[in-house]
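Trainee: This is a predicted model, with the sequence first.
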Amino acid sequence: MLFPMMTDELNYQVIFVRDISLATAFFMEQLDLKKEEDLLVAGINCPVLKMFNGHRLMLVKHFEPETEPTVIYTDDCLRDFCKLKRQGIEMFSMPMYRTKGLSCEFFDPSGNHILLLEERDYTDA
């Protein structure tokens, strides 16, 4: 599994969703992303959600899910894993340590493959 290069630059990701309202509620309520703004794209309001680390996720209406995993950054993978499980979200990987940190994987309501990543620096380990 490849991870995007981590930088201190502003980072935007676009994810295709079937229902913008449902997806916005899912990411805000389940993963605590914050709505930053709406951008008008082809006449449709596309919400931009902010992750805890400042990275942004733009939701764009489309009927086919992403083909590649979308990385959502979290400050506590275990907390979010447990919260998602309690809410009935089917997780297809338990939290596991990887090169870039602790992660787990699931599908969002639009069928997108989401990789939830808590970045960790193992250089001092």
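Mentor: Everything's here; your move. Numbers count the residues shown, from 1 in each chain.

Trainee: what residues does the lengthiest helix in the chain touch?
Mentor: Using DSSP state H to define each element, the chain has its longest helix at helix 20-31. Contacts to helix 20-31, defined as CB atoms under 8 Å, 6 or more residues apart in numbering, come from residues 15, 17, 33-35, 44-47, 49, 57, 59, 61, 72, 74, 80, 83-84, 87, 89, 108-110, 116. (Glycine included, C-beta is placed from N, CA and C.)

Trainee: again, 6 Å this time
Mentor: Residues outside helix 20-31 that contact it (CB atoms under 6 Å, 6 or more residues apart in numbering): 17, 33, 47, 49, 59, 61, 109-110.

Trainee: Ok, stretch 77-88 next?
Mentor: Stretch 77-88 is contacted by residues 74, 95, 102, 104, 116, 118 when judged by CB under 6 Å, 6+ apart.

Trainee: who's in contact with the second one?
Mentor: Which is Pro95. The neighbours of Pro95, taking CB under 6 Å, 6+ apart as the test, are 77-78, 81, 102, 104.

Trainee: about what we covered before: which ones among the contacts of stretch 77-88 are found in helices?
Mentor: Among the contacts of stretch 77-88, none falls in helices (DSSP H).

Trainee: returning to what we had before: now render the contacts of Pro95 as JSON lines, adding pLDDT, distance to Glu66 and neighbour count.
Mentor: Shown next, in JSON lines, are the contacts of Pro95 (pLDDT from 0 to 100; distance: CB to CB, whole Å; neighbours: other CB atoms under 10 Å):
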{"residue": "Cys77", "pLDDT": "97", "distance to Glu66": "20", "neighbour count": "21"}
{"residue": "Leu78", "pLDDT": "96", "distance to Glu66": "25", "neighbour count": "12"}
{"residue": "Phe81", "pLDDT": "96", "distance to Glu66": "21", "neighbour count": "23"}
{"residue": "Leu102", "pLDDT": "97", "distance to Glu66": "22", "neighbour count": "18"}
{"residue": "Cys104", "pLDDT": "97", "distance to Glu66": "17", "neighbour count": "22"}
